[in-house]
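Novice: what's the 3D shape of this:
(2 chains)
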Amino acid sequence: MSARLTARPRAVTPAVRFLAQQAEPFLRAGLRESERGADWLTLAGDDVTVTLRWRTQRLLLARIHQLQVTADVAASGSAGELRLRVSGSAGARRFRWQSRRGTPPAGLDGPAVAELARTVDLTDCTVTPRPGGWRVCVEPYAGSRLRVFFPPIHYATTVRPGEAVTIAAAVREISAALA
Amino acid sequence: MATTSSPTLQRALGFWSALFTGIGLVVAATTLTSLGNAFGLGGPAFVVAGLAALGIMMLIAFSYSELANLVPGAGMIGAYTAPALGRGPAIFGVLAGYIVLVATVEPANQMVGGLAAQRLLPGISPTAFAIGVTVLFCLVNLIGVKSFGRAQALVTGTMMIVLIGFGVTGLLGIGGGTEVAGSVPFNPGGWMEVAHLVALGTYLFIGIEFVCPMSEEIRNPGRIIPRAMIAGLVIVFCVDMVFGFAALRYVGLDELASSAVPHLLVAEGIGGKTGLLILTGATVLAAASSVSAILAAVPRMLYGLARDGMLPKVFAWVHPRFQTPWVSVFAVTALIVGALLTFADSDSILTLILVATVMWLASYILAQVDVIVLRVKYPDARRGFRTPCYPLPQVIGIGACVWMILSIHPDQETRWTVWLGAAGATAVIVGYAFVWLRVVKKVPFFTPAPLDAAAPTSVEPVGAGEDAR
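Specialist: The predicted structure is shown next:
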């Protein structure tokens, strides 16, 4: 019961309010909020800037709002979408980049990405081409907001601060490799 | 104080008490949140999802009405299942469907009421308040079914009047609040969204069957129970829609959809701080009315099972002066208070609520199967009410419940946890039922009991009927 009680229109939309909740571990990891829009929140660190957004999955009896930690990288050249594939159990996870077209750029399998694959449960991790560059997108399993319709349940989970550090480092490493 | 020479339940409730028993559980504190969220997600088009949900719940009410007419016993799902599928499944129906629910969903509901009370009186502990309300309504239920009926009518009636008041005030724009700028489109999320919201809409009506266990205390239950259930569903639908449409004028869709207390946002939007205080009070009443209905209905189910030899006889003890099943009332109260003191405010409550919902759905499936089996086994038995379009509603109901159990949570890992939890609870209940029936009572597990034995008039001297059915 933490909602603010006022019926007037407000600047902070619920989407951003819930994103601010998700930003907490990133703020504790040393990033600071630099900008916010109606449905996104940008956090900046010394050498990395990430934007938090929601990806909404509509199911018949539920809705999953999945946190996306994204960074846009300006670069020339083009390739297909890259997706990080993680296999193996928690103790011995392996990873590889899968590309639909061509070979993945070099330098994407550095130590931070390895740490990301090894320690953070991921719903998805992609590098997508966009005009003038790439968009890096990490979806941590723990960063989500769930609404179940029957029975009506609405709750959110966030990543741990240590996981936030790992995600930010991996985004930084991937961005540097792509630039 | 055994039942063989014992006092009986008192047949003293009329239509209004039956109606408020059903509504009291349906409009619980948590459903007010669901109502606001639903209108936020679907906009005005939620009325279509609400109508579809009302239709589904009508079909379920028809099934329960037929069963309550055919077997008007307090054991409710236990009394219906014993002649259809046997005593073992009957025990499962009551303990799985309702005792698990009492231990999980109701404490959570009471915590919402406690938190609302804390808003009114900041110094109060939500847990202490929830326990206080539970104990208060335990006492009301102990001192007689008439006092329960009066208290239920007062609490539930006041709550409904408050909701209607806010709805009408909001729709007429006479509360003095500021309306949100711009008009709300009729169907902002699209028809697929409306279809998704039918499940949420169904939750707004669930629990109407709680009037059935009162059948031995309702005058002319064959007429009153179906009418009370159907009227209750229609009244709840109308009140919800009036309140929901008023909500859309004062709170933005996003806020309504995502808030944990959308109804309070609406109240403040319509009536300012005074409105907020009044609806917070109504939220407390909603929690109170649901615990009151639970403490009336569930002990009667235990009483009915115990009287028919499916639980220890102690649960069938009736107080000689107050004519209430006092041991069962105390047992259910203890269950709620125990849960409030232990896990009601913990993280595990969400998983437990999901487990309880699976078990409740299983009990709904059992009721639908009972209708079909009893129609086949006793085609000529006198039924004061016959469900229309038989067996279509039952088949649809079973399919819908199975589907909801299979999709109980979007996350596969959580889904497995819930299914395993439900399987564990089932194993415990079935284990008890097997030991009790086969070892202690030495009666068959699956062999159906005769239909006459399930009716209250033919078993131990329980209320030889103050009125003719």
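Novice: same for the longest strand seen in chain A, what does it pack against?
Specialist: In chain A, assigned by DSSP state E, the strand with the most residues is strand A:62-74. The helices and strands touching strand A:62-74, judged by 3 or more C-beta pairs under 8 Å, 6 or more residues apart in numbering or on different chains; DSSP states H and E, are helix A:14-28, strand A:49-58, strand A:133-140, strand A:144-148, helix A:161-178. Where C-beta positions appear, they are placed from N, C-alpha and C, glycine not excepted.
Novice: hmm, 7 Å instead?
Specialist: strand A:49-58, strand A:133-140, strand A:144-148, helix A:161-178 (3 or more C-beta pairs under 7 Å, 6 or more residues apart in numbering or on different chains; DSSP states H and E).
Novice: excluding chain neighbours, what is closest to the residue nearest to the spatial centre of chain B?
Specialist: Residue closest to the average C-alpha location in chain B (C-alpha atoms, centre = their mean): residue B:207, at 2.5 Å. Ranked by C-beta to C-beta, 6 or more residues apart in numbering or on different chains and with sequence neighbours excluded, the top spatial neighbour of residue B:207 is residue B:25, at 3.8 Å.
Novice: show the subsequent helix or strand relative to the helix or strand where the one you found lies.
Specialist: In this structure, residue B:25 sits in helix B:15-26 according to DSSP states H and E. Sequence order places helix B:29-42 as the next helix or strand after helix B:15-26, per DSSP H and E.
Novice: which other residues reach that next one?
Specialist: Here helix B:29-42 makes contact (C-beta atoms under 7 Å, 6 or more residues apart in numbering or on different chains) with A:152, B:46, B:49, B:109, B:112-113, B:116, B:189, B:193-194, B:197, B:200-201, B:203-204, B:240, B:243-244, B:247-248, B:253-257, B:259-263, B:266, B:283, B:286-287.
Novice: now it: mean pLDDT?
Specialist: Taken as a whole, helix B:29-42 has a mean pLDDT of 90.
Novice: for stretch B:202-210, same thing?
Specialist: Mean predicted lDDT for stretch B:202-210 stands at 91.
Novice: buried stuff in it?
Specialist: Using 16 or more other C-beta atoms under 10 Å in any protein chain shown as the test for burial, stretch B:202-210 gives B:202-210.
Novice: same check, this time on stretch B:432-450
Specialist: Applying 16+ other C-beta under 10 Å to stretch B:432-450 flags B:433, B:436-437, B:448-449 as buried.
Novice: okay, and which of the buried residues of stretch B:202-210 map to strands?
Specialist: Among these, no member falls in strands (DSSP E).
Novice: now those residues in JSON lines, with distance to residue A:22?
Specialist: Shown next, in JSON lines, are the buried residues of stretch B:202-210 (distance: C-beta to C-beta, whole Å):
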{"residue": "B:202", "distance to residue A:22": "31"}
{"residue": "B:203", "distance to residue A:22": "27"}
{"residue": "B:204", "distance to residue A:22": "30"}
{"residue": "B:205", "distance to residue A:22": "34"}
{"residue": "B:206", "distance to residue A:22": "32"}
{"residue": "B:207", "distance to residue A:22": "35"}
{"residue": "B:208", "distance to residue A:22": "39"}
{"residue": "B:209", "distance to residue A:22": "40"}
{"residue": "B:210", "distance to residue A:22": "40"}
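Novice: and those residues, which is closest to chain A?
Specialist: Taking C-beta to the nearest C-beta as the measure, chain A sits nearest to residue B:203 out of those, at 5.4 Å.
Novice: is chain A contacted by stretch B:387-405?
Specialist: Yes - using C-beta under 7 Å from any C-beta of the partner chain, we find that stretch B:387-405 touches chain A at residue B:404.
Novice: give me the residues contacting that stretch.
Specialist: So stretch B:387-405 is contacted by A:61, A:150, B:56, B:59-60, B:62-63, B:66, B:358, B:361, B:364-365, B:368-369, B:371-372, B:375 (C-beta under 7 Å, 6+ apart).
Novice: mean confidence for that stretch?
Specialist: pLDDT averaged over stretch B:387-405 gives 93.
Novice: just the buried residues of that stretch, please?
Specialist: With burial defined by 16+ other C-beta under 10 Å, the residues of stretch B:387-405 counted as buried are B:387, B:391, B:393-394, B:397-398, B:400-401, B:404-405.
Novice: can you check stretch A:49-67 too?
Specialist: For stretch A:49-67, the neighbour count (16+ other C-beta under 10 Å) marks A:49-54, A:60-67 as buried.
Novice: what's the answer for stretch B:101-121, then?
Specialist: B:101-119.
Novice: so which of those reach chain A?
Specialist: residue B:115.
Novice: just the buried residues of stretch B:101-121: which are in helices?
Specialist: Taking DSSP state H, the ones among the buried residues of stretch B:101-121 that sit in helices are B:101-119.
Novice: export the helices and strands packed on strand A:62-74 to CSV and tack on mean pLDDT and distance to residue B:413?
Specialist: Formatted as CSV, the helices and strands packed on strand A:62-74 follow (pLDDT from 0 to 100; distance: least, C-beta to C-beta, whole Å):
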stretch, mean pLDDT, distance to residue B:413
strand A:49-58, 95, 16
strand A:133-140, 95, 15
strand A:144-148, 92, 12
helix A:161-178, 94, 17
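Novice: any chance of CSV for these, columns distance to residue A:89?
Specialist: Converted to CSV, the helices and strands packed on strand A:62-74 look like this (distance: least, C-beta to C-beta, whole Å):
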stretch, distance to residue A:89
strand A:49-58, 26
strand A:133-140, 18
strand A:144-148, 22
helix A:161-178, 18
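Novice: to residue B:224, which of these lies closest?
Specialist: With C-beta to C-beta as the criterion, residue B:224 lies closest to strand A:144-148 of these, at 35.0 Å.
Novice: one step back: any idea which of the helices and strands packed on strand A:62-74 gets closest to residue A:121?
Specialist: So among the helices and strands packed on strand A:62-74, strand A:133-140 is nearest, using C-beta to C-beta, at 6.9 Å.
Novice: and which of the buried residues of stretch B:202-210 is nearest to residue A:87?
Specialist: Of the buried residues of stretch B:202-210, the one sitting nearest to residue A:87 (C-beta to C-beta) turns out to be residue B:203, at 39.4 Å.
Novice: what sits against the closest one?
Specialist: A:150-152, B:31, B:34 are the contacts of residue B:203 under C-beta under 7 Å, 6+ apart.
Novice: cool, and residue B:63?
Specialist: B:367-368, B:371, B:387, B:393-394, B:397.
Novice: which residue comes closest to the most centrally placed residue in chain A once chain neighbours are left out?
Specialist: Centroid check for chain A by C-alpha atoms, centre = their mean gives residue A:69 as the closest residue, at 2.3 Å. Nearest non-adjacent residue to residue A:69, counting by C-beta to C-beta, 6+ apart: residue A:138, 4.6 Å away.
Novice: what's in contact with stretch B:233-253?
Specialist: A:7, A:9, B:23, B:26-27, B:35-36, B:39-40, B:43-44, B:46-47, B:50, B:54, B:57-58, B:61, B:160, B:163-164, B:166-168, B:170-171, B:177, B:179-180, B:184, B:188, B:204-205, B:208, B:256, B:262, B:265-266, B:269-270.
Novice: of those residues, grab the buried ones for PyMOL.
Specialist: Burial among those is assessed by 16+ other C-beta under 10 Å; the matching PyMOL selection reads:
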select buried, (chain A and resi 7) or (chain B and resi 23+26+27+35+36+39+40+43+44+46+47+50+54+57+58+61+160+163+166+167+170+171+177+180+204+205+208+256+262+265+266+269+270)
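Novice: enumerate the residues of chain B near chain A.
Specialist: B:30, B:34, B:37, B:115, B:177-178, B:180-181, B:196-197, B:199-200, B:202-203, B:250-252, B:254-255, B:258-261, B:264-265, B:268-269, B:276, B:350, B:353-354, B:357, B:404, B:407, B:409-410.
Novice: what's near enough to touch residue B:415?
Specialist: B:408-409.
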